[in-house]
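Asker: sharing a sequence plus its predicted fold:
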Amino acid sequence: MSFVKCSVDGCNRKLQPILKVDPRDRDTWFYRECDVCLKAACEKHSAEVGDRIICDRCRSEAKAQQQSAGPCFPPLLRHAPRFTQGMP
């Protein structure tokens, strides 16, 4: 069986299992993986956000989507009339 390697940004670091259910059966070993894309990711290329592990690739994609969406203003505030100084 081949080694499990990090799949983020060309990193080929071999991952250590975080849990070995049956030490003799490698199919039962669990490795660190992204909770969004479910791909293997080493500690260098992933971070814990809340209680989830998110790889750098998914974090950068989410950040790009937020920036392309622009500022989020409620419709009422965006089209609210402007008040002038002379109004009561």
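Answerer: Now that the structure is in, tell me what you want to look at.

Asker: can you list the weak-confidence ranges in the protein?
Answerer: Applying pLDDT under 70 to the chain picks out residues 1, 69-88.

Asker: center of it - which residue?
Answerer: For the chain, Ile54 is the residue whose C-alpha lies nearest the centre (CA atoms, centre = their mean; 3.3 Å).

Asker: ok, now which ones touch it?
Answerer: Cys34, Asp35, Val36, Ser46, Ala47, Glu48 (CB atoms under 8 Å, 6 or more residues apart in numbering). C-beta: built from backbone N, CA, C; applies to glycine.

Asker: for burial, what's the neighbour tally of the nearest residue in space to Val8 that is not next to it in sequence?
Answerer: Among residues not flanking Val8 along the chain, His45 sits closest, at 3.8 Å (CB to CB, 6 or more residues apart in numbering). Neighbour count for His45, taken as other CB atoms under 10 Å: 19.
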